[in-house]
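*Asks:* could you look at this predicted model? Sequence included:
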Amino acid sequence: MMVGRSEMIDLFLASAGWPGADRVILAQDASFRRYERVSRAEEHAVLMDAPPKFEDVRPFMLISRTLRNLGYSVPAILAEDVGQGFLLLEDLGDDTYSRLLDAGTDPEPLYELAVDVLIDMHSRPVADRLPSTVKTYNDALMKAEAGLMVDWYLPAVLRQELEEKAIASYYDIWSRLLPKAKILPDTLVLRDFHVDNLIRVSAREGIGACGLLDFQDAVKGPVSYDFVSLIEDARRDVADKLASAMRVRYLAAFPEIDAAAFDRSCAILGAQRHCKVLGVFTRLRDRDGKDVYLRHVPRLWRLLERAVTHQSLGELKRWLDEYVPVDRRIVPPERRAA
(Lines give C-alpha, C1' and ligand atoms only; values in the text may rest on other atoms or scores of the structure.)
Protein backbone atom coordinates (compact mmCIF):
# COMPACT_ATOMS: atom_id res chain seq x y z
CA MET A 1 0.00 0.00 0.00
CA MET A 2 1.39 3.40 -1.01
CA VAL A 3 1.97 5.82 1.83
CA GLY A 4 1.11 9.43 0.96
CA ARG A 5 3.40 12.36 1.65
CA SER A 6 1.28 13.58 4.55
CA GLU A 7 1.39 10.17 6.21
CA MET A 8 5.17 10.06 5.69
CA ILE A 9 5.42 13.39 7.50
CA ASP A 10 3.40 12.01 10.43
CA LEU A 11 5.74 9.01 10.64
CA PHE A 12 8.79 11.29 10.54
CA LEU A 13 7.39 13.51 13.27
CA ALA A 14 6.60 10.49 15.42
CA SER A 15 10.15 9.19 15.02
CA ALA A 16 11.43 12.65 15.98
CA GLY A 17 9.43 12.61 19.21
CA TRP A 18 6.50 14.67 17.96
CA PRO A 19 3.73 12.05 17.54
CA GLY A 20 0.29 13.48 16.87
CA ALA A 21 1.61 17.04 16.56
CA ASP A 22 -0.72 19.61 15.08
CA ARG A 23 0.35 20.75 11.61
CA VAL A 24 -0.42 24.08 9.94
CA ILE A 25 0.85 25.05 6.50
CA LEU A 26 3.19 28.05 6.68
CA ALA A 27 4.42 28.67 3.17
CA GLN A 28 5.66 27.32 -0.12
CA ASP A 29 8.51 29.20 -1.73
CA ALA A 30 9.61 29.52 -5.34
CA SER A 31 11.16 26.05 -5.18
CA PHE A 32 9.36 22.77 -4.49
CA ARG A 33 9.94 23.12 -0.74
CA ARG A 34 7.03 23.71 1.57
CA TYR A 35 6.89 24.49 5.27
CA GLU A 36 4.55 23.62 8.13
CA ARG A 37 4.45 24.72 11.74
CA VAL A 38 4.08 21.73 14.02
CA SER A 39 2.85 22.15 17.59
CA ARG A 40 2.49 20.14 20.76
CA ALA A 41 1.34 21.77 23.99
CA GLU A 42 3.38 24.99 24.19
CA GLU A 43 6.16 23.82 21.88
CA HIS A 44 6.52 24.70 18.21
CA ALA A 45 8.85 23.68 15.40
CA VAL A 46 8.95 24.07 11.64
CA LEU A 47 8.87 21.18 9.20
CA MET A 48 10.69 21.55 5.90
CA ASP A 49 9.20 19.23 3.29
CA ALA A 50 11.61 19.02 0.34
CA PRO A 51 10.58 16.16 -1.99
CA PRO A 52 13.84 14.40 -2.94
CA LYS A 53 12.73 14.08 -6.57
CA PHE A 54 13.11 17.86 -6.83
CA GLU A 55 15.12 19.03 -3.82
CA ASP A 56 18.14 18.04 -1.72
CA VAL A 57 18.22 19.04 1.95
CA ARG A 58 21.95 18.40 2.35
CA PRO A 59 23.11 21.84 1.09
CA PHE A 60 20.76 23.47 3.61
CA MET A 61 22.20 21.31 6.38
CA LEU A 62 25.77 22.10 5.37
CA ILE A 63 25.30 25.87 5.21
CA SER A 64 23.21 25.80 8.39
CA ARG A 65 26.07 24.19 10.30
CA THR A 66 28.55 26.65 8.78
CA LEU A 67 26.46 29.68 9.77
CA ARG A 68 25.75 28.36 13.27
CA ASN A 69 29.45 27.70 13.83
CA LEU A 70 30.10 31.30 12.86
CA GLY A 71 27.56 32.48 15.43
CA TYR A 72 24.66 33.55 13.21
CA SER A 73 20.99 32.95 13.98
CA VAL A 74 19.73 30.15 11.78
CA PRO A 75 17.11 27.56 12.71
CA ALA A 76 18.64 24.65 14.59
CA ILE A 77 18.06 21.26 12.96
CA LEU A 78 16.10 19.19 15.49
CA ALA A 79 15.63 16.05 13.38
CA GLU A 80 16.34 14.93 9.83
CA ASP A 81 15.45 12.32 7.24
CA VAL A 82 17.64 13.10 4.26
CA GLY A 83 16.31 10.25 2.15
CA GLN A 84 12.70 11.43 2.44
CA GLY A 85 13.56 15.14 2.32
CA PHE A 86 12.32 16.07 5.79
CA LEU A 87 13.90 18.42 8.30
CA LEU A 88 12.46 19.48 11.64
CA LEU A 89 13.73 22.96 12.42
CA GLU A 90 13.73 25.38 15.31
CA ASP A 91 10.84 27.83 15.07
CA LEU A 92 12.23 31.38 15.08
CA GLY A 93 8.76 32.90 15.29
CA ASP A 94 6.51 34.98 13.06
CA ASP A 95 8.38 38.28 12.84
CA THR A 96 9.67 37.94 9.31
CA TYR A 97 10.93 41.19 7.88
CA SER A 98 8.23 41.05 5.22
CA ARG A 99 5.46 40.73 7.79
CA LEU A 100 6.89 43.50 9.96
CA LEU A 101 7.26 45.87 7.02
CA ASP A 102 3.75 45.10 5.81
CA ALA A 103 2.50 45.98 9.30
CA GLY A 104 4.15 49.39 9.14
CA THR A 105 7.30 48.76 11.20
CA ASP A 106 10.00 51.39 10.69
CA PRO A 107 12.22 49.83 7.99
CA GLU A 108 15.46 51.58 8.93
CA PRO A 109 16.32 49.57 12.09
CA LEU A 110 15.50 46.34 10.26
CA TYR A 111 17.75 47.16 7.32
CA GLU A 112 20.49 48.41 9.64
CA LEU A 113 20.43 45.08 11.44
CA ALA A 114 20.58 43.16 8.16
CA VAL A 115 23.50 45.27 6.92
CA ASP A 116 25.26 44.74 10.25
CA VAL A 117 25.03 40.99 9.66
CA LEU A 118 26.76 41.47 6.31
CA ILE A 119 29.37 43.75 7.86
CA ASP A 120 30.15 41.15 10.51
CA MET A 121 30.32 38.31 7.98
CA HIS A 122 32.45 40.29 5.57
CA SER A 123 34.81 41.40 8.35
CA ARG A 124 35.85 37.81 9.00
CA PRO A 125 37.82 35.35 6.84
CA VAL A 126 34.64 33.40 6.18
CA ALA A 127 35.61 32.54 2.60
CA ASP A 128 38.65 30.65 3.89
CA ARG A 129 36.54 28.49 6.21
CA LEU A 130 33.91 27.28 3.79
CA PRO A 131 33.48 23.56 3.12
CA SER A 132 35.00 22.42 -0.17
CA THR A 133 31.56 21.52 -1.49
CA VAL A 134 30.45 25.19 -1.49
CA LYS A 135 30.62 26.34 -5.09
CA THR A 136 32.44 29.43 -6.27
CA TYR A 137 30.18 32.02 -7.88
CA ASN A 138 32.28 32.03 -11.03
CA ASP A 139 31.68 33.79 -14.34
CA ALA A 140 30.25 30.66 -15.96
CA LEU A 141 27.58 30.31 -13.28
CA MET A 142 26.72 34.01 -13.33
CA LYS A 143 26.48 34.03 -17.13
CA ALA A 144 24.22 30.99 -17.07
CA GLU A 145 21.95 32.77 -14.60
CA ALA A 146 21.86 35.96 -16.66
CA GLY A 147 21.02 33.71 -19.61
CA LEU A 148 17.67 32.84 -18.05
CA MET A 149 16.45 36.16 -19.39
CA VAL A 150 17.11 35.16 -23.01
CA ASP A 151 16.00 31.56 -22.39
CA TRP A 152 12.65 32.30 -20.75
CA TYR A 153 11.66 35.94 -20.44
CA LEU A 154 12.50 37.39 -23.85
CA PRO A 155 10.87 34.63 -25.94
CA ALA A 156 7.71 35.17 -23.87
CA VAL A 157 7.52 38.94 -24.42
CA LEU A 158 8.96 39.10 -27.96
CA ARG A 159 6.89 36.12 -29.12
CA GLN A 160 9.91 34.75 -30.94
CA GLU A 161 13.37 33.42 -30.26
CA LEU A 162 16.26 35.86 -30.43
CA GLU A 163 18.64 35.40 -33.33
CA GLU A 164 21.87 33.59 -32.50
CA LYS A 165 23.93 36.71 -33.15
CA ALA A 166 21.99 38.63 -30.51
CA ILE A 167 22.33 35.84 -27.95
CA ALA A 168 26.07 35.52 -28.58
CA SER A 169 26.45 39.28 -28.18
CA TYR A 170 24.56 39.16 -24.87
CA TYR A 171 26.88 36.53 -23.42
CA ASP A 172 29.95 38.35 -24.74
CA ILE A 173 28.86 41.47 -22.89
CA TRP A 174 28.58 39.53 -19.65
CA SER A 175 32.01 37.98 -20.25
CA ARG A 176 33.45 41.49 -20.24
CA LEU A 177 31.34 42.81 -17.37
CA LEU A 178 31.61 40.13 -14.70
CA PRO A 179 35.37 40.35 -14.06
CA LYS A 180 34.88 44.06 -13.28
CA ALA A 181 32.43 43.12 -10.53
CA LYS A 182 34.78 40.68 -8.84
CA ILE A 183 37.67 42.86 -7.79
CA LEU A 184 36.14 43.00 -4.30
CA PRO A 185 36.91 40.43 -1.58
CA ASP A 186 35.13 37.07 -1.56
CA THR A 187 32.87 35.87 1.22
CA LEU A 188 30.00 33.47 1.82
CA VAL A 189 27.22 34.74 -0.46
CA LEU A 190 23.82 33.65 0.83
CA ARG A 191 22.43 34.55 -2.62
CA ASP A 192 18.86 35.32 -1.58
CA PHE A 193 19.56 37.85 1.15
CA HIS A 194 16.35 39.89 1.12
CA VAL A 195 13.50 40.64 3.47
CA ASP A 196 11.51 37.50 2.65
CA ASN A 197 14.37 35.45 4.09
CA LEU A 198 15.11 37.51 7.20
CA ILE A 199 13.33 37.29 10.55
CA ARG A 200 13.61 39.38 13.69
CA VAL A 201 14.37 37.27 16.76
CA SER A 202 13.62 39.71 19.55
CA ALA A 203 14.89 37.42 22.31
CA ARG A 204 18.44 37.63 20.93
CA GLU A 205 20.85 40.52 21.00
CA GLY A 206 23.07 42.22 18.45
CA ILE A 207 23.27 40.62 15.04
CA GLY A 208 21.76 37.50 16.60
CA ALA A 209 18.43 39.33 16.47
CA CYS A 210 18.46 38.88 12.67
CA GLY A 211 17.52 35.32 11.80
CA LEU A 212 18.59 33.93 8.43
CA LEU A 213 16.38 31.69 6.28
CA ASP A 214 16.61 30.02 2.86
CA PHE A 215 20.37 29.93 2.41
CA GLN A 216 20.87 26.49 0.84
CA ASP A 217 22.09 27.97 -2.45
CA ALA A 218 24.98 29.82 -0.80
CA VAL A 219 28.23 30.17 -2.75
CA LYS A 220 31.62 31.81 -2.42
CA GLY A 221 31.58 35.17 -4.18
CA PRO A 222 31.97 38.97 -3.98
CA VAL A 223 30.84 40.87 -0.90
CA SER A 224 28.67 43.19 -3.00
CA TYR A 225 26.20 40.50 -4.09
CA ASP A 226 24.17 40.07 -0.90
CA PHE A 227 24.20 43.82 -0.28
CA VAL A 228 22.67 44.57 -3.66
CA SER A 229 20.12 41.76 -3.32
CA LEU A 230 18.96 43.40 -0.07
CA ILE A 231 18.63 46.99 -1.30
CA GLU A 232 17.51 46.16 -4.87
CA ASP A 233 14.83 43.70 -3.82
CA ALA A 234 12.83 42.15 -6.65
CA ARG A 235 9.79 41.78 -4.42
CA ARG A 236 9.68 45.04 -2.48
CA ASP A 237 10.40 48.72 -3.10
CA VAL A 238 13.28 50.12 -1.05
CA ALA A 239 13.32 53.90 -0.72
CA ASP A 240 16.33 55.57 -2.34
CA LYS A 241 17.11 57.43 0.89
CA LEU A 242 17.14 54.18 2.85
CA ALA A 243 19.27 52.39 0.25
CA SER A 244 21.74 55.28 0.26
CA ALA A 245 21.97 55.23 4.05
CA MET A 246 22.68 51.50 4.02
CA ARG A 247 25.44 52.00 1.44
CA VAL A 248 27.05 54.62 3.69
CA ARG A 249 26.71 52.32 6.71
CA TYR A 250 28.31 49.39 4.89
CA LEU A 251 31.19 51.34 3.36
CA ALA A 252 31.96 53.08 6.67
CA ALA A 253 32.85 49.65 8.05
CA PHE A 254 35.29 48.99 5.20
CA PRO A 255 37.41 52.09 4.53
CA GLU A 256 39.77 49.92 2.50
CA ILE A 257 37.07 49.29 -0.13
CA ASP A 258 37.07 51.84 -2.93
CA ALA A 259 33.57 53.32 -3.10
CA ALA A 260 33.62 53.62 -6.90
CA ALA A 261 34.65 49.97 -7.27
CA PHE A 262 31.89 48.97 -4.86
CA ASP A 263 29.28 50.95 -6.79
CA ARG A 264 30.45 49.43 -10.08
CA SER A 265 30.26 45.92 -8.65
CA CYS A 266 26.78 46.58 -7.25
CA ALA A 267 25.58 47.93 -10.60
CA ILE A 268 26.92 44.94 -12.54
CA LEU A 269 25.75 42.30 -10.09
CA GLY A 270 22.42 44.06 -9.65
CA ALA A 271 21.88 43.96 -13.41
CA GLN A 272 22.93 40.30 -13.50
CA ARG A 273 20.49 39.45 -10.73
CA HIS A 274 17.59 41.36 -12.30
CA CYS A 275 18.15 39.63 -15.66
CA LYS A 276 18.26 36.29 -13.88
CA VAL A 277 15.11 36.92 -11.87
CA LEU A 278 13.14 38.06 -14.93
CA GLY A 279 13.91 34.63 -16.37
CA VAL A 280 13.25 32.79 -13.12
CA PHE A 281 9.83 34.38 -12.59
CA THR A 282 8.83 33.58 -16.18
CA ARG A 283 10.02 30.00 -15.80
CA LEU A 284 8.05 29.63 -12.59
CA ARG A 285 4.89 30.51 -14.52
CA ASP A 286 5.57 28.59 -17.73
CA ARG A 287 7.18 25.47 -16.26
CA ASP A 288 5.89 25.25 -12.70
CA GLY A 289 2.48 26.94 -12.92
CA LYS A 290 3.35 29.64 -10.35
CA ASP A 291 2.32 33.02 -11.75
CA VAL A 292 2.25 35.01 -8.50
CA TYR A 293 5.79 36.31 -9.00
CA LEU A 294 5.08 38.01 -12.32
CA ARG A 295 3.56 41.00 -10.54
CA HIS A 296 7.12 42.02 -9.69
CA VAL A 297 8.24 42.35 -13.33
CA PRO A 298 7.65 46.13 -13.53
CA ARG A 299 9.84 46.64 -10.46
CA LEU A 300 12.56 44.43 -11.94
CA TRP A 301 12.60 46.54 -15.09
CA ARG A 302 12.85 49.75 -13.05
CA LEU A 303 15.81 48.30 -11.18
CA LEU A 304 17.47 46.97 -14.32
CA GLU A 305 17.00 50.21 -16.24
CA ARG A 306 18.54 52.13 -13.36
CA ALA A 307 21.47 49.71 -13.05
CA VAL A 308 22.43 50.04 -16.71
CA THR A 309 22.74 53.82 -16.38
CA HIS A 310 26.05 53.17 -14.62
CA GLN A 311 28.90 54.06 -16.95
CA SER A 312 30.32 50.53 -16.85
CA LEU A 313 27.09 49.07 -18.24
CA GLY A 314 26.78 51.05 -21.45
CA GLU A 315 27.17 47.96 -23.64
CA LEU A 316 24.36 46.15 -21.88
CA LYS A 317 22.11 49.21 -22.06
CA ARG A 318 22.66 49.46 -25.82
CA TRP A 319 21.92 45.74 -26.21
CA LEU A 320 18.66 46.08 -24.29
CA ASP A 321 17.67 49.17 -26.27
CA GLU A 322 18.29 47.30 -29.53
CA TYR A 323 16.64 43.98 -28.76
CA VAL A 324 14.04 44.74 -26.06
CA PRO A 325 11.87 47.72 -27.07
CA VAL A 326 10.35 49.64 -24.19
CA ASP A 327 6.86 48.42 -25.13
CA ARG A 328 8.09 44.82 -24.66
CA ARG A 329 9.41 45.37 -21.15
CA ILE A 330 6.23 43.93 -19.77
CA VAL A 331 4.74 41.13 -17.74
CA PRO A 332 5.02 38.16 -20.12
CA PRO A 333 1.63 37.23 -21.58
CA GLU A 334 0.33 33.71 -21.34
CA ARG A 335 1.94 31.28 -23.73
CA ARG A 336 0.00 30.57 -26.87
CA ALA A 337 -1.60 27.18 -27.12
CA ALA A 338 0.31 24.82 -29.39
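*Replies:* In hand now; what should we look at?

*Asks:* point me to the helix or strand that includes Asp263.
*Replies:* Using DSSP states H and E, Asp263 sits within helix 259-286.

*Asks:* who are the packing partners of that helix?
*Replies:* helix 139-146, helix 148, helix 164-181, helix 224-231, helix 240-252, helix 297-307 (3 or more Cβ pairs under 8 Å, 6 or more residues apart in numbering; DSSP states H and E). For glycine as for every other residue, the C-beta is placed from the backbone atoms N, C-alpha and C.

*Asks:* report the buried residues of the helix or strand of the chain with the lowest mean pLDDT.
*Replies:* In the chain, the helix or strand scored least confidently by mean pLDDT, DSSP states H and E is strand 22-28, which has a mean of 86. Within strand 22-28, not a single residue qualifies as buried, counting by 16 or more other Cβ atoms under 10 Å.

*Asks:* pull the distance from it to the chain's centre.
*Replies:* 21 Å (Cα atoms, centre = their mean, to the nearest Å).

*Asks:* and the next helix or strand past it?
*Replies:* Heading C-terminal from strand 22-28 (DSSP H and E), you reach strand 34-40.

*Asks:* go ahead and confirm Leu213 touches Val195.
*Replies:* No: assessed by Cβ atoms under 8 Å, Leu213 is found out of contact with Val195, at 10.6 Å.

*Asks:* relative orientation of the helix holding Asp263 and helix 297-307 in degrees?
*Replies:* 150 degrees (axes from the mean of the first three to the mean of the last three Cα atoms, to 10 degrees).

*Asks:* follow-up on the earlier one: tell me which of the helices and strands packed on helix 259-286 is the most buried.
*Replies:* Mean neighbour count (mean count of other Cβ atoms under 10 Å) peaks for helix 224-231 among the helices and strands packed on helix 259-286, with a mean of 25.

*Asks:* what packs against that one?
*Replies:* helix 107-122, helix 240-252, helix 259-286.

*Asks:* against Ala146, how distant is the residue nearest to Asp151 when sequence neighbours are not counted?
*Replies:* Excluding the flanking residues, the one nearest Asp151 by Cβ to Cβ, 6 or more residues apart in numbering is Gly279, at 6.0 Å. Distance, Gly279 to Ala146, using Cβ to Cβ, to the nearest Å: 8 Å.

*Asks:* could you do Val324 as well?
*Replies:* Val324 is 14 Å from Ala146, by Cβ to Cβ.

*Asks:* ok, Ile207 next?
*Replies:* From Ile207 to Ala146 the distance is 31 Å (Cβ to Cβ).

*Asks:* for Leu70, same thing?
*Replies:* For Leu70 relative to Ala146 (Cβ to Cβ), the value is 30 Å.

*Asks:* need the contact list for Lys135.
*Replies:* Contacts for Lys135 (Cβ atoms under 8 Å, 6 or more residues apart in numbering) come out as Leu141, Val219, Lys220.

*Asks:* how about 6 Å then?
*Replies:* Val219 (Cβ atoms under 6 Å, 6 or more residues apart in numbering).

*Asks:* also Val157?
*Replies:* Val157 touches Arg328, Ile330, Pro332, counting by Cβ under 6 Å, 6+ apart.

*Asks:* flag every buried residue along the helix or strand harbouring it.
*Replies:* Under the criterion of DSSP H and E, Val157 resides in helix 154-158. By neighbour count on 16+ other Cβ under 10 Å, the buried set for helix 154-158 is Leu154, Pro155, Ala156, Val157.

*Asks:* with pLDDT and distance to Val82 as added columns, please give those residues in TSV.
*Replies:* Shown next, in TSV, are the buried residues of helix 154-158 (pLDDT from 0 to 100; distance: Cβ to Cβ, whole Å):
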residue	pLDDT	distance to Val82
Leu154	98	38
Pro155	96	37
Ala156	96	36
Val157	97	40
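
*Asks:* and which of these is nearest Ile119?
*Replies:* Looking at the buried residues of helix 154-158 and their distance to Ile119, the nearest is Leu154, at 37.1 Å (Cβ to Cβ).

*Asks:* ok, the nearest residue to that closest one once chain neighbours are set aside to Tyr171 distance?
*Replies:* Of all residues not flanking Leu154 in the chain, Leu162 sits nearest, at 5.9 Å (Cβ to Cβ, 6+ apart). Separation of Leu162 from Tyr171 (Cβ to Cβ): 11 Å.
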